[in-house]
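Novice: Next come a sequence and a model predicted from it.
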Amino acid sequence: MNDPSLASIFINASLVNNFVLAYFLGICPFLGVSGRLSTATRMGGAVSFVMLISSLCAYAIHAVLDALGTPYLQLLAFVVVIASTVQLVEMLIRKFNPALFRALGIFLPLITTNCAILAVALFQTNRAYGLLQCLVFALGAGAGFTLALVLMAGIREKLELAELPDLAEGTAISLIVAGILSLAFMGFAGMST
Amino acid sequence: MAPSASDDFIKGLWRDNPVFVQVLGMCPVLAVSNSALNALTMGLATSFVLCLSSLLVASLRAFIPAEVRIACYVLIIASFVTVVDYLIQAISLELHAALGAFISLIVVNCLILARAEAFASRNTPLRALLDALGMGLGFTFALLCLGAVREILGMGSLFGIALFGEAFQPWVVMILPGGGFFTLAAWLLLITGLKRRRARPQGA
Amino acid sequence: MRATDSNSAFAMYRALVGTGCVCALLVVFTYLLTAPLIAQKRSAALHEAVFAVLPGTTATLALHANDQGELGLLEHGAATPLYLGLDAGGRITGLAISAQGMGYQDLIRLLYDYAPDRGRVIGLKVLDSRETPGLGDRIHHDRAFLAAFEDLQIPLSADDGRVQQPITIRSGPHRQPWQFDAITGATISSQAVARILSQSSALWAPLIWRNQETLQGIASRAEGARHGP
């Protein structure tokens, strides 16, 4: 009944309820890939693309399953579609940009287990978004994920030159930085369009 | 020197703890650990899926060729997650509402896929089940550590039972996402510190 | 060579199809097993919420609005029902209307009680929300906040029943009858509740106003049926 505007969906997904920093989705790649700025931007781009395609497919799947009356197959269908999309993206990148394919390496197949992508499909279904709203939601989620990844990568590159206590190196300091970023992003909470 | 069956089970509890050592399955660890009850339910649900998936993968391992193994594992895991989703709804609607979409997100918990690929596909169903039980319990234990700390500091209660009096000022950041990151970082620092200390018997 | 190729292709298909069948059976079996239990729990939860919002109610009737904007008893497959509450004497206690909208974190679902004869909201219950624990989720149980919904006016125009003053949060020093106070520290969640209520009431209040006689008719028929032939 309540129809949020497209702009508010985008801002909500990318800033106010950033998928990584507010919903804790996509943490594995967030901690794994954010060491270098260049890999981070490319990963963000790949994930955004997969999110967009998956979002469209999820909308279609939900409509079909609803019509058939088999809602319990939804999760299976979503997962299969996401895995196939990642496979497709991998093949396309390998064909058209082999350098990028080598640069992304193992991270490309790992996108399949990126919870953020499945979450886009699940959230948009729960909130009963229309087609255009789904697209904007996926774009916002991808933009937010890329933003978080890029911010983290930039900070971690700087941290490599800093003197840290031995204990905190690696995952612990990344988590602390992520926590501070998450608190900072809470400042967007009052934004309304 | 083949690892004994009991070792299959015990390693997941501490030595190869999925969260604190392997750093796998982070998303639900942070998202659902804002109260001890949510953490416990999520841990048990994940363990349920992990055990049954590992069991089925190990039982079918002779029939699944390497090329399609990931697709098959994902199908199996997704079905058990759907099963646990409906089971939780049938047990308690409130619990289901509290966990929300994160039950469905168990399917992309890297831990389950990792155990299926690394262990269940190469061992007998019994050993796979023991491994899954150990990993699942270790995962639940880690989730509880986080959930308990966050709930105690952030709401002044444990499993819904108020621990402090009315005058307690809850440290709200602990139940916010930022607090989740900080709490996990604190646990990791503690554990790394303990390990280092144990490795240096002469002391600092 | 060819034999092993086709063997391996067969093995792949067998694995995929076989796994798919096993998984589908598992899911369907669980669904069939749990569906009646879940449906029962859902309707019990909804009934409990409806009775909580409509004090003094002993019976409820599910209604829905058709395309022409007329209220009638709920037919199979219709969406967004409202619940008509009747007390022991067959009088209308109010109408429980469910509404939802985007809060701070995720959707907020609530049920509010509208008394058409008094033109006001007389109760509210937040059914489901994922607001920040300790802050936004105080909309569930903050007594002062919820007390405002026991008497929230929705002024309608006399000629066509349109809502003249939408429900909002108090903005000035004096609280108007159609305003309520937000919870300190939960501004966004409170604003969300205001938005959900005003949008829902803008849709339903005029419709109920137009169907007042229909409602009385339904109530008396139900009362008549209860006392039997």
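Specialist: Cool, the structure landed. Residues are numbered from 1 along each chain as shown, chains lettered A, B, ... in the order given.
Novice: Point to the residue nearest the middle of chain C.
Specialist: The centre of chain C sits closest to C:S98, judged by C-alpha atoms, centre = their mean, with a distance of 2.0 Å.
Novice: Show the pLDDT at it.
Specialist: Turning to C:S98, the model gives it a pLDDT of 86.
Novice: quick one: contacts for it?
Specialist: By C-beta atoms under 8 Å, 6 or more residues apart in numbering or on different chains, the contact list for C:S98 reads C:T80, C:P81, C:L82, C:R109, C:L110, C:L111, C:L127. The way it works is simple: take the backbone N, C-alpha and C, and place the C-beta from them, glycine included.
Novice: Quick check: the fourth one vs B:A97, distance?
Specialist: Same thing as C:R109. With distances taken as C-beta to C-beta, to the nearest Å, C:R109 is found 9 Å from B:A97.
Novice: so what's the residue nearest to the centre of chain C bridging to?
Specialist: Beta-bridge pairing for C:S98 (DSSP bridges): C:L111.
Novice: Residue in chain B with the shortest distance to chain C?
Specialist: Nearest residue of chain B to chain C, counting by C-beta to the nearest C-beta: B:S79, 3.7 Å away.
Novice: Give the burial count for that residue, as a bare number.
Specialist: Neighbour count for B:S79, taken as other C-beta atoms under 10 Å in any protein chain shown: 30.
Novice: just to revisit the earlier point, identify the contacts common to C:R109 and B:A97.
Specialist: C:D128.
Novice: And stretch B:108-128, what's buried?
Specialist: Across stretch B:108-128, burial judged by 16 or more other C-beta atoms under 10 Å in any protein chain shown covers B:108-116, B:119-121, B:123, B:125, B:127-128.
Novice: Sitting in strands, which of those do you find?
Specialist: Within these, no residue falls in strands by DSSP state E.
Novice: Report the entries of those residues that also contact chain C.
Specialist: Contacts with chain C are made by none of the buried residues of stretch B:108-128, judged by C-beta under 8 Å from any C-beta of the partner chain.
Novice: Buried residues in the helix or strand hosting C:L95, which are they?
Specialist: Using DSSP states H and E, C:L95 sits in strand C:92-102. For strand C:92-102, the neighbour count (16+ other C-beta under 10 Å) marks C:I92, C:T93, C:G94, C:L95, C:A96, C:I97, C:S98, C:A99, C:Q100, C:G101, C:M102 as buried.
Novice: wouldn't the third one be in contact with C:L111 here?
Specialist: No - under the criterion of C-beta atoms under 8 Å, C:G94 is not in contact with C:L111, lying 11.2 Å apart.
Novice: Spatially nearest residue to B:S35 (excluding sequence neighbours)?
Specialist: Closest residue in space to B:S35, ignoring its immediate chain neighbours: B:E151 at 4.6 Å, by C-beta to C-beta, 6 or more residues apart in numbering or on different chains.
Novice: out of the contacts of C:S98, who has the most neighbours?
Specialist: Using other C-beta under 10 Å as the neighbour criterion, C:L110 leads the contacts of C:S98 with 26 neighbours.
Novice: Wait, that residue touches C:A99, no?
Specialist: Yes - C:L110 lies in contact with C:A99 (C-beta under 8 Å); the separation is 5.9 Å.
Novice: Name the residues contacting each of these two.
Specialist: C:I196, C:L197.
Novice: farthest pair in the buried residues of stretch B:108-128?
Specialist: Spanning the widest gap among those are B:V108 and B:R127, at 25.2 Å by C-beta to C-beta.
Novice: Let me know the closest of the buried residues of strand C:92-102 to A:L108.
Specialist: C:M102 (33.6 Å).
Novice: Closest approach to chain A from chain B, which residue is it?
Specialist: B:F181 (3.2 Å).
Novice: Now do the same contact list for that residue.
Specialist: Applying C-beta under 8 Å, 6+ apart, the residues near B:F181 are A:L175, A:I176, A:A178, A:G179, A:S182, B:L30.
Novice: Just the ones in helices from those, please.
Specialist: Judged by DSSP state H, these include A:L175, A:I176, A:A178, A:G179, A:S182, B:L30 as members of helices.
Novice: name the element the residue of chain C found nearest chain B belongs to?
Specialist: Closest residue of chain C to chain B, C-beta to the nearest C-beta: C:C23 (3.7 Å). Using DSSP H and E, the element containing C:C23 is helix C:2-53.
Novice: is that helix anywhere near chain A?
Specialist: Yes - residues of helix C:2-53 contacting chain A under C-beta under 8 Å from any C-beta: C:C23, C:A24, C:V27, C:V28, C:T30, C:Y31.
Novice: Residue 20 in helix, strand or coil?
Specialist: Let's take chain A. Three-state call for A:V20 (DSSP: H, G, I helix; E, B strand; the rest coil): coil.
Novice: ah, I was thinking of chain B
Specialist: When classified by three-state DSSP, B:F20 comes out as coil.
Novice: Now do it: how many residues are near it, please.
Specialist: When neighbours are counted by other C-beta under 10 Å, B:F20 registers 22.
Novice: likewise B:F9?
Specialist: Look at B:F9: counted by other C-beta under 10 Å, it has 19 neighbours.
Novice: residues contacting it?
Specialist: B:F9 touches B:L130, B:D131, B:L133, B:G134, counting by C-beta under 8 Å, 6+ apart.
Novice: Does the third one lie in a helix or a strand, and which?
Specialist: Take DSSP H and E as the rule and B:L133 turns out to sit in helix B:125-155.
Novice: Okay, buried residues for that helix please.
Specialist: B:125, B:127-155.
Novice: Identify the single longest helix in chain A, thanks.
Specialist: helix A:37-68.
Novice: For that one, what is the distance to the chain centroid?
Specialist: On the basis of C-alpha atoms, centre = their mean, to the nearest Å, helix A:37-68 sits 9 Å off its chain's mean C-alpha point.
Novice: go on, stretch C:138-149?
Specialist: Here stretch C:138-149 shows a centroid-to-chain-centroid distance of 18 Å under the convention C-alpha atoms, centre = their mean.
Novice: same deal with stretch C:95-106?
Specialist: Distance, centroid of stretch C:95-106 to centroid of chain: 7 Å (C-alpha atoms, centre = their mean).
Novice: hmm, back to that, and the residue nearest to B:S35, what is it in contact with?
Specialist: Applying C-beta under 8 Å, 6+ apart to B:E151 gives the contacts B:N34, B:S35, B:A36, B:S157, B:L158, B:F159, B:I175.
Novice: one step back: now the longest helix of chain A: average pLDDT?
Specialist: Mean predicted confidence for helix A:37-68 is 88.
Novice: same check, this time on stretch A:184-193
Specialist: 74.
Novice: B:G138 is in contact with B:L13, correct?
Specialist: Yes - in this structure B:L13 lies within contact range of B:G138 using C-beta under 8 Å: 4.6 Å.
Novice: so A:A116 sits right up against A:V20, yeah?
Specialist: Yes - with contacts counted by C-beta under 8 Å, A:A116 reaches A:V20, the gap being 7.2 Å.
Novice: quick one: B:A185 and A:I180, what's the gap?
Specialist: Applying C-beta to C-beta, the value for B:A185 to A:I180 is 11 Å.
Novice: Those two: which is more packed in?
Specialist: B:A185 (20 against 15).
Novice: Extract the CA atoms of the helix or strand hosting the more buried one and return them as PDB.
Specialist: Under the criterion of DSSP H and E, B:A185 resides in helix B:177-199. Taking Å, rounded to 0.1, in the frame of the first residue of the first chain, the C-alpha atoms of helix B:177-199 are listed here in PDB:
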ATOM      1  CA  PRO B 177      25.600  -3.300  13.100                       C
ATOM      2  CA  GLY B 178      28.700  -1.400  14.100                       C
ATOM      3  CA  GLY B 179      28.600  -3.200  17.500                       C
ATOM      4  CA  GLY B 180      28.500  -6.500  15.700                       C
ATOM      5  CA  PHE B 181      31.800  -5.800  13.900                       C
ATOM      6  CA  PHE B 182      33.400  -4.500  17.100                       C
ATOM      7  CA  THR B 183      32.300  -7.500  19.200                       C
ATOM      8  CA  LEU B 184      33.700 -10.000  16.700                       C
ATOM      9  CA  ALA B 185      36.900  -8.000  16.400                       C
ATOM     10  CA  ALA B 186      37.200  -8.100  20.200                       C
ATOM     11  CA  TRP B 187      36.700 -11.900  20.400                       C
ATOM     12  CA  LEU B 188      39.200 -12.400  17.600                       C
ATOM     13  CA  LEU B 189      41.800 -10.200  19.400                       C
ATOM     14  CA  LEU B 190      41.200 -12.100  22.600                       C
ATOM     15  CA  ILE B 191      41.500 -15.500  21.000                       C
ATOM     16  CA  THR B 192      44.600 -14.500  19.000                       C
ATOM     17  CA  GLY B 193      46.100 -13.200  22.200                       C
ATOM     18  CA  LEU B 194      45.400 -16.400  24.100                       C
ATOM     19  CA  LYS B 195      46.900 -18.500  21.300                       C
ATOM     20  CA  ARG B 196      50.000 -16.400  21.200                       C
ATOM     21  CA  ARG B 197      50.400 -16.700  24.900                       C
ATOM     22  CA  ARG B 198      50.000 -20.400  24.800                       C
ATOM     23  CA  ALA B 199      52.600 -20.700  22.000                       C
END
